[in-house]
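Undergrad: My questions concern the predicted model and sequence given below.
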2 protein chains.
Amino acid sequence: MHESKLHRQVEPRLREAEVRYTKGRRVIVEVLATSDGPRSAAELHADLGATVPISSIYRTLAVLEESGIVTPHFATKGIARYELAEWLTGHHHHLVCVDCGAVEDVDVPDGYEEQVRILVSDIAGVARFTPTNHALEIEGLCKDCA
Amino acid sequence: MHESKLHRQVEPRLREAEVRYTKGRRVIVEVLATSDGPRSAAELHADLGATVPISSIYRTLAVLEESGIVTPHFATKGIARYELAEWLTGHHHHLVCVDCGAVEDVDVPDGYEEQVRILVSDIAGVARFTPTNHALEIEGLCKDCA
DNA sequence: TTCCTTGCAAACGATTTGCATTGGA
DNA sequence: TCCAATGCAAATCGTTTGCAAGGAA
């Protein structure tokens, strides 16, 4: 996805939420767009060479989450990681390394995804639960830790 | 599952890990066995009427996790919840309420589970990832919040 | 000018740890 | 008896917030 296209998608959504699309917010959106998996506040802080204070990163992530630009992810103990929302990146799942904690995105072929969707709605029906989303987390060893 | 049977399963595993199966540890195992979803340290503390200090609960959970008796779960922001490991309870997935944060276990019919297992191994193969486990988290509104 | 946003430091909540005491094999 | 387990309090870590200064409309 080209960077300027991304900003054109994000901008109206933030305007709707009545918040500004500032330089600091753009930078974080850009880093997330080039990451191959969700990033924590500390990781983003490092990605940006500590040019943005950590508290600003948290505030930006909170604003972006409220506006539906990013979604949080909690598969690792004690830390939250964020990624661009699926309307920006497409639906995908995660590979979580149980050794080093790294999280990587994976796409699931359409046929499989369809099976998962059917499974989810069947299960939810039985449990009187109204599903809004699903996440398949595959835990194991990444290629570096194997 | 009958309580004493549970203890008979847990006991040898702890002995193997060279830790004692004390009263405090038994009580936590029992509470987890009667919960219908994973519990946080604070929830366990409350479940036990504050009779066990919170730091002991954390320590017990750490010991039980290292010994493979319980597994952690992180779907809710900022807090870890624990449940009995699958070799004690059977394989299952989770319904996570996006409103109140409650997490409930659900069993998945065998046919579906087989599909998921195939999906996981196919995906992992492509990504050069060695899967050890998978978790299907269904997010949505529980019957109380709907 | 008028708010929104940012930076810094202090505050917070969940979890961990040091140390002296208790308890089980 | 002896070492693991526990309780309490202090420390740590990720995250949030108050407040004053900076920046965009």
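TA: Thanks, I have it. Because the structure is a prediction, the values reported are computed rather than measured.

Undergrad: When you work out contacts or count neighbours from here on, use the C-alpha atoms and nothing else.
TA: Will do.

Undergrad: so which helix or strand takes in the spatially most central residue of chain A?
TA: In chain A, the C-alpha nearest the mean C-alpha coordinate belongs to A:Glu83, at 2.0 Å (CA atoms, centre = their mean). Using DSSP states H and E, A:Glu83 maps to strand A:81-84.

Undergrad: List the strands paired with that strand, with their directions.
TA: Sheet pairing of strand A:81-84 (DSSP bridges) gives strand A:39-40 (antiparallel), strand A:70-73 (antiparallel).

Undergrad: Give me the distance from the shortest one to the chain's centre.
TA: It refers to strand A:39-40. What separates the centre of strand A:39-40 from the centre of its chain is 9 Å, taken as CA atoms, centre = their mean, to the nearest Å.

Undergrad: which helices and strands sit right next to the helix or strand that that strand is followed by?
TA: Sequence-wise, the next helix or strand downstream of strand A:39-40 (DSSP H and E) is helix A:41-47. The contact analysis (3 or more CA pairs under 8 Å, 6 or more residues apart in numbering or on different chains; DSSP states H and E) places helix A:41-47 against helix A:23-34, helix A:54-66.

Undergrad: picking up where we left off before, please save the CA atoms from the strand holding A:Glu83 in PDB.
TA: The C-alpha trace of strand A:81-84 is given here as PDB (Å, rounded to 0.1, in the frame of the first residue of the first chain):
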ATOM      1  CA  ARG A  81       0.700  -4.400  20.600                       C
ATOM      2  CA  TYR A  82      -1.200  -2.400  17.900                       C
ATOM      3  CA  GLU A  83      -1.700  -2.900  14.200                       C
ATOM      4  CA  LEU A  84      -3.600  -1.100  11.500                       C
END
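
Undergrad: Name the residues that touch that strand?
TA: With contacts defined as CA atoms under 8 Å, 6 or more residues apart in numbering or on different chains, strand A:81-84 is touched by A:29, A:32-33, A:37-41, A:61, A:69-74.

Undergrad: One more pass at 6 Å, please.
TA: Residues external to strand A:81-84 that are found in contact with it (CA atoms under 6 Å, 6 or more residues apart in numbering or on different chains): A:38-40, A:69-73.

Undergrad: Which members of those are the farthest-apart pair?
TA: A:Ser40 and A:Ile69 (15.3 Å; CA to CA).

Undergrad: Those two: who's more crowded?
TA: A:Ile69 (22 against 19; other CA atoms under 10 Å in any protein chain shown).

Undergrad: Identify the residues contacting the more buried one.
TA: Contact partners of A:Ile69, counting by CA under 6 Å, 6+ apart, are A:84-85.

Undergrad: can we see that at 8 Å?
TA: Contact partners of A:Ile69, counting by CA under 8 Å, 6+ apart, are A:10, A:13, A:84-85, A:88.

Undergrad: Next: A:Arg128.
TA: Contacts for A:Arg128 (CA under 8 Å, 6+ apart) come out as B:142-143.

Undergrad: Repeat that for A:His73.
TA: Per CA under 8 Å, 6+ apart, neighbours of A:His73: A:38, A:80-83, B:75.

Undergrad: That one and A:Glu16, how far apart?
TA: Counting by CA to CA, to the nearest Å, the gap from A:His73 to A:Glu16 is 24 Å.
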